[in-house]
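Novice: Prediction below, plus the sequence it came from.
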Amino acid sequence: MADRIPLALVGIGKIARDQHIPSIAGGDDFVVAAGVSRHGKVEGAENFTDFNAFLAARPDIKVVSLCTPPEVRFDMAKAAIAAGRHVLMEKPPATTLGEAEALSELAAKAGVTLFATWHSRFALGVEPARQWLSDKVIQSVSIVWKEDVRRWHPGQAWIWEPGGFGVFDPGINALSILTEIIPGHIMVETSVLEFPENKKQPIAASIAMRTVEGAPVTAEFDWRQEGPQTWDITVQTNAGELRLSKGGSELYIGGNEQASGPDREYAGIYERFAKLIRSHQSDTDYQPLRIVADSFLCGERKVVAHFED
Ligand code: NAP
């Protein structure tokens with residue numbers, strides 16, 4: 001316990017409670033020494049309601065983990081970096097590429113670690129999928145990411161506001177896996193974004209992309225799926241089919257299961273964060289955010305039925 005790095009957890013909401021707190025407690029690297037949230041608290045830690053007050057009061061806590069929604073991330077990350085703290089950011093790292101890139105530059109100048117996390121990249125099947133695909137010819141990729149927003153984002157009004165990402169909040173998880181397992185850039189060609197008449201962000205998106213080599217990549221994101229939920233990526237290659245199911249936690253090659261086991265996504269995130277801090281490195285890959293931005297740039301807007309969540 002004595003060797004653990006003290007950390008402040010910021011934005012004590014669903015993901016902080018469901019994943020960050022138990023994963024930090026179950027790992028060897030960090031201890032939650034402070035919580036920073038206007039309403040939420042971390043048991044057994046010193047709690048603050050204001051981020052700048054925390055930065056001023058606890059200069060001894062050199063590491064912050066930002067679990068707030070993306071629209072408040074830039075100001076918090078900028079203040080933390082300026083105060084010499086190492087920063088972990090939940091996904092999506094910021095509301096725009098401009099903000100994200102500015103943060104990378106600020107962290108590099110300040111000599112602190114900045115880790116833009118993509119939790120789905122730590123799902124069990126993703127690294128073996130990347131390795132298997134590395135010497136294959138990619139013929140096509142199909143992503144189907146359909147879930148029930150009422151079940152996974154109850155009461156999260158911010159997610160429907162500008163900067164909240166709408167259905168791209170889960171969709172960016174699929175894009176983070178895509179950009180991890182497929183080498184090279186992926187370019188958006190067309191997209192259709194469905195906006196409920198009463199919402200400011202899309203509830204569904206259909207995106208057509210292409211790899212640099214020309215292989216088609218499609219993504220179907222939908223937040224209206226009740227019943228069984230679908231988080232699948234299927235890749236056709238010159239050596240057969242690879243499929244990642246259940247958000248990357250199950251891997252099938254040629255229909256045969258290759259990897260499965262308990263979820264270690266957030267355990268993996270904190271192990272990597274500790275390594276980055278110890279080796280004075282940052283990890284900021286903004287490719288998933290770029291595909292979201294390009295989907296909005298190329299997006300045809302369709303107004304669909306009123307939706308109450
Ligand atoms: P959440 O339940 O709404 O929690 C976020 C917390 O941030 C809130 O409880 C709030 O706590 C604080 N906050 C600070 N400024 C805020 C603002 N302007 N608007 C709303 N809340 C604000 O959201 P979440 O699901 O934990 O998601 C947080 C981040 O984690 C998002 O970027 C999301 O994409 C990511 N994430 C979520 C999931 C998931 O399954 N939910 C999974 C992976 C990643 P106070 O009111 O106490 O300040």
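Specialist: Ah, there it is. Just so it is clear, the model here is predicted, and its values are computed rather than measured.
Novice: centre of the chain versus stretch 116-131, how much separation?
Specialist: 11 Å (C-alpha atoms, centre = their mean, to the nearest Å).
Novice: okay, how far is it across that stretch, tip to tip?
Specialist: 22 Å (C-alpha to C-alpha, to the nearest Å).
Novice: now swap in stretch 252-262 and tell me
Specialist: Start-to-end span of stretch 252-262 (C-alpha to C-alpha) is 16 Å.
Novice: Residues in contact with it: which ones?
Specialist: Contact partners of stretch 252-262, identified using C-beta atoms under 8 Å, 6 or more residues apart in numbering, comprise 124-125, 128, 132, 240-245, 249-251. Every C-beta, even on glycine, is put in place using the N, C-alpha and C of the backbone.
Novice: Tell me which of those residues fall in strands.
Specialist: Using DSSP state E, the members of the contacts of stretch 252-262 that fall within strands are Gly240, Glu241, Leu242, Arg243, Leu244, Ser245, Glu250, Leu251.
Novice: Show the buried residues in the residues you listed.
Specialist: Burial of these was assessed by neighbour count (16 or more other C-beta atoms under 10 Å); the buried members are Leu242, Arg243, Leu244, Ser245, Glu250, Leu251.
Novice: Arrange these in a markdown table, one row each, with pLDDT as further columns.
Specialist: Shown next, in a markdown table, are these (pLDDT from 0 to 100):
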| residue | pLDDT |
| --- | --- |
| Leu242 | 98 |
| Arg243 | 98 |
| Leu244 | 97 |
| Ser245 | 96 |
| Glu250 | 95 |
| Leu251 | 96 |
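Novice: Pick out whichever of those residues sits closest to the ligand.
Specialist: Taking C-beta to the nearest ligand atom as the measure, the ligand sits nearest to Leu244 out of those, at 17.2 Å.
Novice: which residue packs closest to the closest one, ignoring adjacent ones?
Specialist: Distances taken as C-beta to C-beta, 6 or more residues apart in numbering place Ile233 nearest to Leu244, at 4.5 Å, with adjacent residues excluded.
Novice: do Phe165 as well
Specialist: Sequence neighbours aside, Pro92 is the residue nearest to Phe165 in space, at 6.0 Å (criterion: C-beta to C-beta, 6+ apart).
Novice: For burial, what's the neighbour tally of that neighbour?
Specialist: With neighbours defined by other C-beta atoms under 10 Å, the count for Pro92 comes to 26.
Novice: Spell out which parts of the stretch 51-200 of the chain neighbour the ligand.
Specialist: Contact residues, the stretch 51-200 of the chain versus the ligand (C-beta under 6 Å from any ligand atom): Cys67, Thr68, Pro69, Pro70, Val72, Glu90, Lys91, His119, Trp152, Gln156, Trp158, Asp169.
Novice: just the buried members of these?
Specialist: Cys67, Thr68, Pro69, Pro70, Val72, Glu90, Lys91, His119, Gln156, Trp158, Asp169.
Novice: Mind putting the residues you listed into JSON lines with secondary structure and pLDDT?
Specialist: As requested, these are arranged in JSON lines below (DSSP: H, G, I helix; E, B strand; the rest coil; pLDDT from 0 to 100):
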{"residue": "Cys67", "secondary structure": "coil", "pLDDT": "98"}
{"residue": "Thr68", "secondary structure": "coil", "pLDDT": "98"}
{"residue": "Pro69", "secondary structure": "coil", "pLDDT": "95"}
{"residue": "Pro70", "secondary structure": "helix", "pLDDT": "94"}
{"residue": "Val72", "secondary structure": "helix", "pLDDT": "96"}
{"residue": "Glu90", "secondary structure": "coil", "pLDDT": "98"}
{"residue": "Lys91", "secondary structure": "coil", "pLDDT": "98"}
{"residue": "His119", "secondary structure": "helix", "pLDDT": "98"}
{"residue": "Gln156", "secondary structure": "coil", "pLDDT": "93"}
{"residue": "Trp158", "secondary structure": "helix", "pLDDT": "96"}
{"residue": "Asp169", "secondary structure": "helix", "pLDDT": "98"}
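Novice: what helix or strand does Pro228 sit in?
Specialist: If you go by DSSP states H and E, Pro228 is not part of any helix or strand.
Novice: what's the burial count for Pro154?
Specialist: Using other C-beta under 10 Å, the number of residues around Pro154 comes to 9.
Novice: Is it in a helix, a strand, or coil?
Specialist: Applying DSSP: H, G, I helix; E, B strand; the rest coil to Pro154 yields a three-state assignment of coil.
Novice: on that earlier part again, relative to Phe273, which of the contacts of stretch 252-262 is nearest.
Specialist: The closest of the contacts of stretch 252-262 to Phe273 turns out to be Leu124 (C-beta to C-beta; 18.9 Å).
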